[in-house]
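Asker: Just the structure for this:
(one chain, ligands or ions: 3)
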Amino acid sequence: MPSLFTLVRALIGITALSSRPSAASLQTVTNWGENPSDISTMQIYVPDKLAANPPIILGLHPCGGTGQMYYGMTKLPKYADSIGFILIYPTTTKETNCRDCHSNKTLTHEGGGDSQGLVNMVKYALNKYNGDPTKVFAVGGSSGAMMTNVLAATYPDVFNAGASWSGGPGRLLQWGDIARGCYPGYSGNRTRMIIAHGTADPAVLYSLLGMQLAQWSNVLGVSFSKNMTNTPAQGWTEMIYGDGSKLVGLSLQGGGHIPRFQEEKVLKFFGLM
Ligand SMILES: *[C@@H]1O[C@H](CO)[C@@H](O)[C@H](O)[C@H]1NC(C)=O
Ligand SMILES: *[C@@H]1O[C@H](CO)[C@@H](O)[C@H](O)[C@H]1NC(C)=O
Ligand SMILES: *[C@@H]1O[C@H](CO)[C@@H](O)[C@H](O)[C@H]1NC(C)=O
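Answerer: Numbers count the residues shown, from 1 in each chain. Ligands and ions are numbered 1, 2, ... in the order given. Alright, predicted model coming up:
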């Protein structure tokens, strides 16, 4: 089996997108705030035409990846140009560029782990660009998808919604209870989730899709209502929970690791389109 690193590199060859006419580009930010677990870099994409109170999306790369790589893996920068939201691309260099999704620190609200450093990037951008704190989102592939789950569990007060592409829950057992335990006493709205996986994923077990959906349906208090086939595109099945506003699963028949991002579906779920 090829390593995850090789797979991800191969994928970039396929999905790297051609440059756009916009003048904006990815910029490196230093001193964004407390960085207790020493996450290496923060990069930010601020489009030329910014919305008045811009929404913010945190984009989390897979193991072996970088922020720059994940910037090229979706068309979100193109949508940022037309909608006016900000994208943040952190890079992690520890543990072969994987994120810490397992330690007690990262699984604790303000616990001093990776999750806290990432949230401080969001707070920096909200403050600097007068962002809309009710429109903060996380998206990620593989390890970044796992971190999206961790952020949803530990910072439901920060993230309105998240999109997990080929990930899994931070811990495998009783994630619903773990998610509640990450921020004890929190009683506000929970982070809404859209969770995607390819049925033929060679790197991260497909069964983790069902596990994430089971756990988030428990946390969000919604149950499965129906499937819609060939939605949002050919080959995909959309699994709707409740009325579809809080939890949605996306399964790609025959899809591999980190299948093509469904920008419009995700941005509609986030309420940005
Ligand atoms: C992490 O938290 C769990 C559950 O609260 C606890 O059992 C475990 O001892 C903790 N581990 C460390 C290293 O603190
Ligand atoms: C909580 O979610 C509901 C919709 O489900 C929304 O109407 C309400 O404004 C949200 N509350 C906060 C504090 O964001
Ligand atoms: C819904 O779709 C998923 C993914 O294709 C499938 O595993 C599941 O069995 C379907 N559920 C129903 C009730 O059709």
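Asker: ok, now how distant is L107 from D157?
Answerer: Using Cβ to Cβ, to the nearest Å, one obtains 16 Å as the distance from L107 to D157. Just so you know, the C-beta spots here come from the backbone N, C-alpha and C atoms, and that holds for glycine as well.
Asker: quick one: which of these two has more around it?
Answerer: Neighbours around L107 and D157, counted as other Cβ atoms under 10 Å, are more numerous at L107. The numbers are 22 against 16.
Asker: Return the residues in contact with the more buried one.
Answerer: Residues near L107 by Cβ atoms under 8 Å, 6 or more residues apart in numbering: C101, G113, S115, V150, A153, T154, G170, R171, I178, G181, C182.
Asker: all helices of the stretch 101-250 of the chain, in order?
Answerer: Secondary structure of the stretch 101-250 of the chain by DSSP state H, counting those that start in this stretch: the helices cover 114-128, 143-154, 175-181, 207-220.
Asker: Deepest in the core, which of these is it.
Answerer: Of all these, helix 143-154 has the most neighbours on average by mean count of other Cβ atoms under 10 Å, namely a mean of 30.
Asker: tell me how far it is from the chain's mean position?
Answerer: 7 Å (Cα atoms, centre = their mean, to the nearest Å).
Asker: how about the nearest residue to V136, chain neighbours excluded?
Answerer: I56 (5.0 Å; Cβ to Cβ, 6 or more residues apart in numbering).
Asker: Give the bridge partners for the one you found, please.
Answerer: For I56, the residues forming beta bridges with it (DSSP bridges) are I86, V136.
Asker: Same check on G162?
Answerer: A138, M193.
Asker: check contacts around it.
Answerer: F137, A138, V139, G140, T148, N149, L151, A152, T191, R192, M193, I194.
Asker: any idea how far T134 is from ligand 3?
Answerer: Using Cβ to the nearest ligand atom, to the nearest Å, T134 is found at 32 Å from ligand 3.
Asker: who's in contact with the nearest residue to that residue once chain neighbours are set aside?
Answerer: Sequence neighbours aside, N160 is the residue nearest to T134 in space, at 6.2 Å (criterion: Cβ to Cβ, 6+ apart). Applying Cβ under 8 Å, 6+ apart to N160 gives the contacts T134, K135, V136, F137, N189, T191, R192, F270, G271.
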